[in-house]
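*Asks:* coords please:
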Amino acid sequence: MKNVVCSLIGHDFKVSKEITYHIKEYKCKRCGEEMTIDANGEFVPLTAKLKEINRVLNNVHEKRLERGRRLFMVNP
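*Replies:* Sure thing, here's the model as predicted:
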């Protein structure tokens, strides 16, 4: 029934996870469909492969942020 509502009036996507500043994962509030932004900036369905890519990308992003915080704290 939820998919019928989304097919009639459209999905209601909300950010479910922030990967980087520009890449996020989205989930429909009504039907639970998941989407993300791919390498070309397109809104695409979230597959297992894209979930893994986003996980690795998030790890790299977090490490860079942490390194930046450490450098900032050492060199005031």
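
*Asks:* ranges for the strands of the chain?
*Replies:* If DSSP state E is used as the criterion, the strands of the chain fall at 13-18, 24-28, 34-37, 43-45.

*Asks:* low-scoring stretches of this protein, by residue?
*Replies:* 1-2, 74-76 (pLDDT under 70).

*Asks:* Residue for residue, what is the longest helix it has?
*Replies:* helix 48-74 (DSSP state H).

*Asks:* buried set for that helix?
*Replies:* For helix 48-74, a neighbour-count test (16 or more other C-beta atoms under 10 Å) marks 50, 53, 54, 58 as buried. Glycine gets a C-beta too; all of them are placed from N, C-alpha and C.

*Asks:* now the residues you listed as CSV including distance to residue 42?
*Replies:* Output for the buried residues of helix 48-74, formatted as CSV (distance: C-beta to C-beta, whole Å):
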residue, distance to residue 42
50, 11
53, 14
54, 14
58, 19
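
*Asks:* Relative to residue 68, which of these is nearest.
*Replies:* residue 58 (15.6 Å; C-beta to C-beta).

*Asks:* measure that closest one to residue 20 for me?
*Replies:* Distance from residue 58 to residue 20, counting by C-beta to C-beta, to the nearest Å: 7 Å.

*Asks:* list the contacts for residue 20?
*Replies:* Residue 20 sits next to 57, 58, 61 when contact means C-beta atoms under 8 Å, 6 or more residues apart in numbering.

*Asks:* What separation do you get for it and residue 62?
*Replies:* Distance from residue 20 to residue 62, by C-beta to C-beta: 9 Å.

*Asks:* Identify the residues contacting residue 54.
*Replies:* Residue 54 is in contact with 17, 19, 23, 25, 36, 46, counting by C-beta under 8 Å, 6+ apart.
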